[in-house]
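[1] this is the structure alone, sequence omitted:
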């Protein structure tokens, strides 16, 4: 087991990375001094990991339907009512066991129920292990867009059990690889090179990605400055995901969103032709798309105008200065809509 630290003063917390951590969960969580834990996971993860963890520990298990559609007010209401019915108190806590949807939904419930209870993130997907489980972002979707309802709420601990990656379908593994590639693009060219030349070493990859994320969160917990570099590919990607009607995974949309941002940069005086070729080849290596089709122009234009990263008349976007080095630009939505070539 390897351990990283997210340095946030009194709210600092450890990230444990290694195989078999779920089997050690009761022991690892004991020092947190929480009265009782409740496991929250989707029905797919329940069969694989939730039910075995509940049997070992005696902790109650609450499930919800798998899929992005569960990041809704309706499912949030059902989850909170079930937790209340189980007698959850402010001295108890929630273990969010699963992927990004679980972390968002269970994390938002932990942040708001009883004005806040302890939260442990136990990510089981590559995407969650390298990104979404760390940093405190929780949220729900609205019909108007992704993650429009949410808050920052840091966990007390993160358990990234690499054994869980063995049960991921190939498409979900590729989904997480999009976020791994993003880290390489914005902060770690050596990681990009390794991904191009070697088969993935999961513990090493997760550690490198989370070391980057932990450092950015420590600098900028509330996503007002350098942490926004992590949004590379997400400005266009979130619009694609929202408008894709469930046809594309988050990672597929981020992959296409990174390519689209490089095209946009090239059209606006920052030539990324070489990086477009390099990134395109890397995406292809890991079964990720360079571009997504069938997106209605009027709808994605309106979505970008509602982007939650917009402040007044401008929005901050993450772009690449060179491989392994991202920077932030401030642009107007109208500038961002120029030279987009999704259609």
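    In hand now; what should we look at? Since this is a predicted model, take the numbers as computed values, not measurements.
[2] helices of the stretch 1-150 of the chain, start to end?
    25-29, 43-45, 51-57, 73-85, 100-112, 126-127 (DSSP state H, counting those that start in this stretch).
[3] of all those, which lies closest to residue 199?
    Proximity to residue 199 (Cβ to Cβ) singles out helix 126-127 among these, at 14.3 Å. To be clear about C-beta, it is placed using only N, CA and C from the backbone, and glycine gets the same treatment.
[4] give me the contacts around the closest one.
    Applying Cβ atoms under 8 Å, 6 or more residues apart in numbering, the contact partners of helix 126-127 are 99-100, 165, 168, 172-173, 175-180, 202, 206, 250-251.
[5] filter these to the buried ones?
    With burial judged by 16 or more other Cβ atoms under 10 Å, the buried subset of the contacts of helix 126-127 is 99-100, 165, 168, 172-173, 175-180, 202, 206, 250-251.
[6] which two in those residues are spaced the farthest apart?
    202 and 250 (19.0 Å).
[7] and the protein, what are its domains?
    Residue ranges for the domains of the chain, per automatic domain parsing: 2-167, 221-337.
[8] surely residue 94 touches residue 117?
    Yes - here residue 94 lies in contact with residue 117, judged by Cβ atoms under 8 Å, at a distance of 6.2 Å.
[9] list residues touching both of those two?
    88, 110.
[10] I'd guessed residue 251 sits against residue 173; true?
    No - in this structure residue 251 lies outside contact range of residue 173 using Cβ under 8 Å: 9.1 Å.
[11] the more surrounded of residue 94 and residue 117?
    residue 94 (26 against 23; other Cβ atoms under 10 Å).
[12] number of nearby residues for the nearest residue to the more buried one once chain neighbours are set aside?
    The shortest distance from residue 94 to any residue other than its chain neighbours is 4.5 Å, reached at residue 110 (Cβ to Cβ, 6 or more residues apart in numbering). Look at residue 110: counted by other Cβ under 10 Å, it has 27 neighbours.
[13] so what pLDDT did residue 110 get?
    Looking at residue 110, its pLDDT stands at 98.
[14] what's near enough to touch it?
    93, 94, 96, 116, 117, 118, 119, 138, 153 are the contacts of residue 110 under Cβ under 8 Å, 6+ apart.
[15] residue 46 now?
    61, 63.
[16] tell me, what's the model's pLDDT at it?
    In this prediction residue 46 is given a pLDDT of 98.
[17] distance of it from residue 313?
    In this view, residue 46 and residue 313 are 46 Å apart by Cβ to Cβ, to the nearest Å.
[18] okay, buried residues for the helix or strand hosting residue 275 please.
    Assessed by DSSP states H and E, residue 275 sits inside helix 273-285. Neighbour counts over helix 273-285 (16+ other Cβ under 10 Å) mark 275, 276, 278, 279, 280, 282, 283 as buried.
[19] next: stretch 52-61.
    Buried residues in stretch 52-61, counted by 16+ other Cβ under 10 Å: 53, 54, 57, 59, 60, 61.
[20] before we move on, back to that, so which of the buried ones among the contacts of helix 126-127 belong to helices?
    Mapping these onto helices (DSSP state H) picks out 100, 172-173, 175-180, 202, 206, 250-251.
[21] check contacts around residue 257.
    Contacts of residue 257 by Cβ under 8 Å, 6+ apart are 233, 234, 235, 236, 237, 238, 240.
[22] the first one and residue 255 touch, don't they?
    Same thing as residue 233. Yes - checked against Cβ under 8 Å, the pair residue 233 and residue 255 is within contact range at 7.1 Å.
[23] now do the shared contacts for these two.
    residue 178.
[24] higher neighbour count, the two?
    More neighbours surround residue 255 than the other of residue 233 and residue 255, with 34 against 28 (other Cβ under 10 Å).
[25] am I right that residue 317 falls within a strand?
    Yes - using DSSP: H, G, I helix; E, B strand; the rest coil, the assignment for residue 317 is a strand.
[26] and the pLDDT at residue 206?
    97.
[27] got the contact list for the residue nearest in space to the middle of the chain?
    Geometric centre of the chain, nearest residue: residue 132, 2.8 Å, by Cα atoms, centre = their mean. Residues near residue 132 by Cβ under 8 Å, 6+ apart: 99, 100, 103, 104, 123.
[28] rebuild those residues as TSV, extending it with pLDDT.
    Converted to TSV, the contacts of residue 132 look like this (pLDDT from 0 to 100):
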residue	pLDDT
99	97
100	95
103	98
104	98
123	98
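[29] right, and the pair among the residues you listed with maximum separation?
    Spanning the widest gap among the contacts of residue 132 are 104 and 123, at 11.5 Å by Cβ to Cβ.
[30] tally of neighbours for residue 37?
    24.
[31] hmm, I was thinking of residue 190
    The burial count for residue 190: 10, using other Cβ under 10 Å.
[32] so which strand or helix has it?
    helix 189-197.
[33] poorly predicted segments of the stretch 151-300 of the chain, please.
    Along the stretch 151-300 of the chain, segments meeting pLDDT under 70 span 296-298, 300.
[34] which residues does the residue nearest to residue 187 when sequence neighbours are not counted contact?
    Distances taken as Cβ to Cβ, 6+ apart put residue 212 closest to residue 187, at 5.0 Å, once the chain neighbours are dropped. The neighbours of residue 212, taking Cβ under 8 Å, 6+ apart as the test, are 183, 187, 188.
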